[in-house]
Each structure stands twice: as structure tokens, then as C-alpha cells.
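**Q** sequence and predicted model, in that order:
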Amino acid sequence: MKISFAFVSSILEPYITIHAPMKTPEILQLGQAIKDLTAPWQLIGYRGHETKLVSAFQISRLYTEDKRVVAELNSGERYIVHKPIYQLVQALPSPTFLQISSSELVRSGWIKKFKLTRAGMFQVIFKNDEISYASRRYTQRLRKDFLK
């Protein structure tokens, strides 16, 4: 793929144009990925008296703990989020974040590997070697969307 830049001082807002011989699912997927990467999606996290504005790409996973939603960052920091998981599922960029259970969302780039257990469940191993499990309800969706 060829990438070129054109800098014009009269342009007020940057834009991206994709040139291709025909419209294909891959080109449409590329356009959506660019759109998701440039979207300024942010979340407010709370820890004690500290409040932090967190970008979606700083988050490694979101999960419920003691009836609260926790955002775990790549750095290992944890913040309380005042939104339920179902709202976060709708708000977060879908190919970037995967729902592995009704109480956990994971950034797909944070997943190291999947391992099938003897019980038939997917064990999700993260880059920091922590382990979580995909519920049976979401296993079929993971196979279809992520494990193609």
C-alpha cells in the first residue's frame, strides 16, 4: 500500500482520501479503522479524589468488581468508571474492544492469546500474563468476529 502526504496551508481541517480501483470490504474496513483511530473517544476515571480523562487506547480492559466498573490501563493503573458495561459496549469502537463476558471488555491489542480449556471454555491470556475467561455466551461471537 502506498501512502502519500500533501500539506496545504489553506486546508482548515485534515482529511483522508483512499484511492482504490474498486470498493471492497477490505477498503471499507480500512476506512472504518481510520475513523475509529481518529475518533476522540475518552472516558472519565475516578480514583479517590483524583479524576483522570482517559483515552480509549490507554485502556487495556474494563470489568466489574464489587458492583463497580473498573478501567484498567496499560500502565496497570485502575480507575472507577461511572458508566455500566452495556453503555461502554455501545460507545467503544467495536473492532478495538471485544466483549468476552457480560462483565468484561478487553482491548483486542491487549490479548496475547486464547487457550481452549478441557471444559471447552476460552481462557484469555493478556500481554501482562493475567488470565480471564470468556463466558460461553460470548465464545461463539469471539470465534466469529476475532478468531476467523
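**A** Arrived safely. Residues are numbered from 1 along each chain as shown.
**Q** center of the chain - which residue?
**A** residue 97 (2.5 Å; CA atoms, centre = their mean).
**Q** list the contacts for that one?
**A** 56, 62, 89, 105, 106, 107, 108 (CB atoms under 8 Å, 6 or more residues apart in numbering). Where C-beta positions appear, they are placed from N, C-alpha and C, glycine not excepted.
**Q** where do the strands sit along this protein?
**A** 42-47, 50-55, 59-65, 68-73, 78-81, 97-101, 104-107, 111-116, 122-126, 131-134 (DSSP state E).
**Q** minimum distance to residue 29: which of the ones you listed has it?
**A** Ranking the strands of the chain by proximity to residue 29 (CB to CB) places strand 97-101 first, at 16.0 Å.
**Q** note down every partner strand of that closest one and its orientation.
**A** strand 104-107 (antiparallel) (DSSP bridges).
**Q** run through who's touching the partner strand.
**A** Taking CB under 8 Å, 6+ apart as the rule, strand 104-107 contacts 56-57, 59-64, 85, 88-89, 92, 96-100, 124, 126, 132.
**Q** go through the protein and flag its longest helix.
**A** Longest helix of the chain, by residue count under DSSP state H: helix 25-38.
**Q** export that one as PDB, just CAs?
**A** Taking Å, rounded to 0.1, in the frame of the first residue of the first chain, the C-alpha atoms of helix 25-38 are listed here in PDB:
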ATOM      1  CA  PRO A  25     -14.800  -5.000   2.100                       C
ATOM      2  CA  GLU A  26     -11.100  -4.500   2.900                       C
ATOM      3  CA  ILE A  27     -11.100  -0.900   1.800                       C
ATOM      4  CA  LEU A  28     -14.300  -0.200   3.800                       C
ATOM      5  CA  GLN A  29     -12.800  -1.900   6.800                       C
ATOM      6  CA  LEU A  30      -9.700   0.300   6.400                       C
ATOM      7  CA  GLY A  31     -11.900   3.400   6.300                       C
ATOM      8  CA  GLN A  32     -13.700   2.300   9.500                       C
ATOM      9  CA  ALA A  33     -10.400   1.600  11.200                       C
ATOM     10  CA  ILE A  34      -9.000   5.100  10.300                       C
ATOM     11  CA  LYS A  35     -12.300   6.600  11.600                       C
ATOM     12  CA  ASP A  36     -12.100   4.700  14.900                       C
ATOM     13  CA  LEU A  37      -8.400   5.700  15.400                       C
ATOM     14  CA  THR A  38      -9.100   9.400  14.900                       C
END
